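Enquirer: Fold the following.
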Amino acid sequence: MLIYFPYMHEELLPFAPLDHVVFLDPGLEDASPSDAYYRPESLPVSPKQGAALLNDCLRFGEQFKDPSEMAFFGAQTPEEYFKESTLTIKNELRARLNGEVESSQQHDNVPNAQFTLMLAWSLEKGLVESRELEQGVRDSWDMLGQNLGVENADEREAVLGRTVGETSAPAVTPSLPWQRVMESMPPFLPEDAVLVVEEHAPCVGLWEDVGVVFEEAPKDLGLPEASRVCRAAAWLLAGRKHCPESMPWAEREIVVAVVAASA
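Expert: Residues are numbered from 1 along each chain as shown. As a prediction, the model looks like this:
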C-alpha cells in the first residue's frame, strides 16, 4: 500500500495526486473523508476521545501569550512533554491516554502515537482552512476590482497586497511536524506500506545527510520515472540518534519512495 507522507490532506500535496496512493487517516473524524484515505482498524483512541483531547490541548495553548513558548511542545514527543510539563493538563491527558483509552496494541504508548497523528491532522486542517479563507478574500477583491473598473490584474494584486499588509498581522508559514508523524506512524501502517514523499521535502535532505541509501524504485510500484526508494528504521527517518524506549515500534524499518516534483 502506497501512503503519502507527511501530508494527510490532498490540498497540501506539492504535486498532483497519484491514482494508487492514499492518505493516512488517524481517526479524528467520524468517518474518512473519501476512498483516498486509509484508516487502520482497531484504533485505540476513538474520534470522540480524540476530539476531547484536542480541545484540552487548545485550552492549554490559550494560556500562552507568546506562541513561541509553545515550541517546547512541538519539539518533544507526547511522553516527554507529559514528563516535563508542570501544568495540570498533563495529568488530564495522561489519565485519558493511559486510563480511559482501552488499547489492544502491543505497547501502552500506542495511544500517544495515535494522538500525535491526530494533532498533526488538526494542524493540517487548520492550514487548509486558512488557505481557503485567504483565497476567498482574494477572489472577492478581484471581483470588487472588476466591478469598480480596475481591469489590470497586477494592479488589483498590488492594491490587495497593500491593503492586507496594513490591516493584518504578518503571515506565518507553520512548520509541519514531520518528524513526529514519522515516528508515530509504524503501529498503524500495514506490512506492505510504502510512504510516498516529494523529492524537495525537507525530510529527504536530512535522510541523505545521515547516510540513508537510496536506489531506483521498483517498476511494480507504479511510480513516476526517476523515483527512488530507501529502507531505514523509523527512528532514524525521524531524525533521532537512537530508538526511544517509550516507542519500541520505531525500530520498524520503513520503506519510503521519493518522487519527482513534476509527478
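
Enquirer: Roughly how far does Arg252 sit from His200?
Expert: 26 Å (Cβ to Cβ, to the nearest Å). Any C-beta I mention is one placed from the backbone N, CA and C, and that applies to glycine too.

Enquirer: So which of these two has more stuff around it?
Expert: Counted by other Cβ atoms under 10 Å, Arg252 and His200 do not tie: Arg252 has more neighbours, with 16 against 12.

Enquirer: quick one: low-confidence ranges for the stretch 51-200 of the chain?
Expert: Where the stretch 51-200 of the chain drops to pLDDT under 70, the residues are 60-107, 132-175.

Enquirer: which residue ranges form the helices in this protein?
Expert: For the chain, the helices defined by DSSP state H cover 47-61, 71-75, 78-84, 89-95, 110-147, 153-167, 178-184, 202-209, 234-237.

Enquirer: who touches the shortest one?
Expert: Looking back up the chat, that one is helix 234-237. Applying Cβ atoms under 8 Å, 6 or more residues apart in numbering, the contact partners of helix 234-237 are 182-183, 185-186, 203, 207, 210, 212, 242-244, 247, 249-254, 256.

Enquirer: So for it, mean pLDDT?
Expert: The pLDDT scores in helix 234-237 average 98.

Enquirer: how about stretch 114-131: buried residues?
Expert: Buried residues in stretch 114-131, counting neighbours by 16 or more other Cβ atoms under 10 Å, are found at 114-125, 127.

Enquirer: Identify all contacting residues around it.
Expert: Residues from elsewhere that reach stretch 114-131 (Cβ under 8 Å, 6+ apart): 6-9, 11-12, 24-28, 43-45, 50, 53-54, 57, 77-78, 97, 174, 176-177, 180-181, 184-185, 187-188.

Enquirer: Please pick the buried ones from these.
Expert: 6-8, 12, 24-28, 43-45, 50, 53-54, 57, 77-78, 97, 176-177, 180-181, 184-185, 187-188.

Enquirer: can you tell me which of the residues you listed are in strands?
Expert: Leu24 (DSSP state E).

Enquirer: where's Pro17 relative to Val259, distance?
Expert: Using Cβ to Cβ, Pro17 is found at 11 Å from Val259.

Enquirer: So for these two, which residue has more residues nearby?
Expert: Each of Pro17 and Val259 has its neighbours counted (other Cβ under 10 Å); Val259 has more, 22 against 13.
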